[in-house]
Every structure is written in C-alpha cells, then in structure tokens.
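Asks: need a 3D model of the sequence below.
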Amino acid sequence: MLLSGCSSDSGSSISSDTTTSAGGANVVVTTSVLGDVVGDIVECGGGSVTVLMPIGTDPHDFSASSDQVAGMVKADLVVANGLGLEAGLDDSFSNAESDGANIFEVAPQLDPIEFGAGMHAQVEEEPDDHGDLDPHFWFDMNRMATAAQLIGAELTQVTGDENYTTCADTTASEITAAETEVRAILESVPVDQRILVTDHDALGYLADTYGFEIAGTLIPSGSTLAEASSADLAALVETINAEGVPAIFANVAEPAALAEAVAAETGTNIAIIPLYVGSLGAPDSAAATYIDMMRTDAQLIADGLKG
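Replies: Numbers count the residues shown, from 1 in each chain. Here you go, the predicted structure:
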C-alpha cells in the first residue's frame, strides 16, 4: 500500500500497491496509523512503503499471509508498534526474524504508560496479551512526533542516508504543530466534563496528556479480543448514571451492539459516538491521515462531552 507525499497533513493516500524506488529503502509497516507517518518519511527520502493492515482493520486481530512474511524478510526495515498491539503477528514476526528480517518496534522506546492511566479508581482491568504497558501511544501526538524521529534515525542507520533523518524531523514538526490545535479542541471541554467511557482501554494516553478521566470501558481490557462479563457491564451502567456521562465513545472498526446495549440499560439519552482508534479512515473520510484522524477524534470527543 502506497503512501505518497512528504507531509502527514497533505492528504497522502493509501492503496494496495507498493511503489519501488531505485536505491531507496524498502520498508514494511504494520498499521495504517504508523503507515501514514512512516510513509511520509520514507517516500520523502526516496524509498517505498508497504502497509500490512488494510484500512479499517483491528490491529489486535490481524494475521499475515505467507507472502507478507516473505515481504518482511526482503524489506530493509519492518516498523511495528509493539507492546503486544499486533498480537496476531507474533508468530509471523518470529518466523520473519529467524529468516533475517530487521524488525523495529517503536512503542517500547516512547516511555510507555501503564494501562489504567487516567482511569477511574474503581475500574479493574482484566489481564491480556499486552502486559502492563499500553501500546496505544499515538493518542499522544508528541510521542508520535518522537516516534517519527526514532524511525528516521533507524532508517539512516540501516541505509546510511541522512535524508531519512531530515525528512523525519520535518514530519515530526508537522505533527507537533497539529498537536497544538488538537490540544485546544480537547481543552475546550470544561474540566468537570472531561469524563470518558470507551469501548476498550485505548485512550489512556489521551486522558493522561489532556487531563481526562476514563470512567469505564465496555471491555475491561486493552484489547478488543477480550470479553466483558454481565457484572462488568452492570457496574459500568451504574458508573455512567452516577457520573452523568453523556456519551459512549465506540470504535468505527467494531460493531456497536455492545455500546447500544449498555446505552439502553442506562435508561438515559446517552449518545454513541464512533472514534477512529486503531486504523485510519478511508481516503475520502475525515481521518484519511494520522493528523486528520487526531483532529477528527478530538472534535468528536469535545462535541460529545459538551453536548
């Protein structure tokens, strides 16, 4: 899948084809969110990018084909999120590495927070494949800017080409500039209204960075692969009613049935608002790039909480 242009804010598009550039780095990226950022860096530096996961894919539940594993082995660099986000790729990573693939996991290098940051004290999260550290770092745009620089430095080390470092600095600056706008949108929510209920524990970085509280999650886990018990859902309904929560923030990529059931149980007019969580939106959507996704999600959260 091709990501074109040197700017994350320029509406770069993703397709099912891989572009080749003579002499440039050949990079494989796992998720579409990382793919947009890495694509800007790599193609600015004259290389090519393949994104494994199609738009709309849940990164927790994706497995690679044998051709994709072969592509990882042939690539100059494989950029992965890490910290268990791509749980379905664990075996593929092991097989590819045993055949010589160079896999660079970025999340562990970004001072990751623990699951439960910003979460209501009464919420107990179920253990899952992620461990204690939260992989959803992209909801802190400053961490994503740092990720861009780390990836650029790694590409320079792999290829010897300083252009990748320069391109990464440009991409990081664009992300940092856009973060100012996202921060203003989120901070427009009055402090006493910054209460989130989400489908799973994916917004910890956003809550920690911008002063929100996560009152509860539909699935008490950092993975969409876990399941909620009836007791968990009953407790969440009580929390929603006690806190006067106006919205449940669901996931565009996941069915809304569970959110709808919880909303019905509250007996209130609570809104269900889908966010872009683990994937970008389609090229013609309001979340076609990483920066657009963050702006869109911030505005949806602010509008949902302010009513």
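
Asks: all helices of the protein, in order?
Replies: Assigned by DSSP state H, the helices in the chain fall at 32-44, 66-74, 90-98, 141-159, 163-187, 204-210, 230-243, 257-266, 290-306.

Asks: identify each buried residue in the first one, please.
Replies: Neighbour counts using 16 or more other C-beta atoms under 10 Å place 32-44 of helix 32-44 among the buried residues. Using the backbone N, CA and C atoms, a C-beta is placed for each residue, glycine as well.

Asks: ok, the third one next?
Replies: In terms of neighbour count (16+ other C-beta under 10 Å), helix 90-98 has its buried residues at S92, F93, N95, A96.

Asks: domains for the chain, by residue range?
Replies: 26-179, 188-306 (automatic domain parsing).

Asks: what about the residue lying farthest from the centre of the chain, distance to N251?
Replies: Residue farthest from the centre of the chain, counting by C-alpha atoms, centre = their mean, is G267 at 31.9 Å. Using C-beta to C-beta, to the nearest Å, G267 is found at 24 Å from N251.

Asks: equivalent analysis for E265, please.
Replies: In this view, E265 and N251 are 19 Å apart by C-beta to C-beta.

Asks: can you pick out the residue with more neighbours from those two?
Replies: Of the pair E265 and N251, N251 is the one with more neighbours under other C-beta atoms under 10 Å, namely 22 against 16.

Asks: list the contacts of the more buried one.
Replies: Residues near N251 by C-beta atoms under 8 Å, 6 or more residues apart in numbering: D199, H200, A202, T224, P274, L275, V277, G278.

Asks: repeat that for I248.
Replies: V197, T198, D199, L218, I240, A259, V262, A263, I270, A271, I272, I273.

Asks: and the fourth one, how far is that from N26?
Replies: Just to be clear, that refers to L218. Counting by C-beta to C-beta, the gap from L218 to N26 is 40 Å.

Asks: between the two, who's got more neighbours?
Replies: Between L218 and N26, L218 has the larger neighbour count (other C-beta under 10 Å), namely 23 against 19.

Asks: for that one, give me the pLDDT.
Replies: pLDDT for L218: 89.

Asks: could we number from 2 for the rest of this?
Replies: That works, and once the first residue is 2, the last one we named lands at L219.

Asks: any idea how far it is from N82?
Replies: Distance from L219 to N82, by C-beta to C-beta: 22 Å.

Asks: pLDDT below threshold where in the chain?
Replies: Flagging of the chain using pLDDT under 70 yields the residue ranges 2-24, 118-132, 221-229.

Asks: please consider this matter closed, and thank you.
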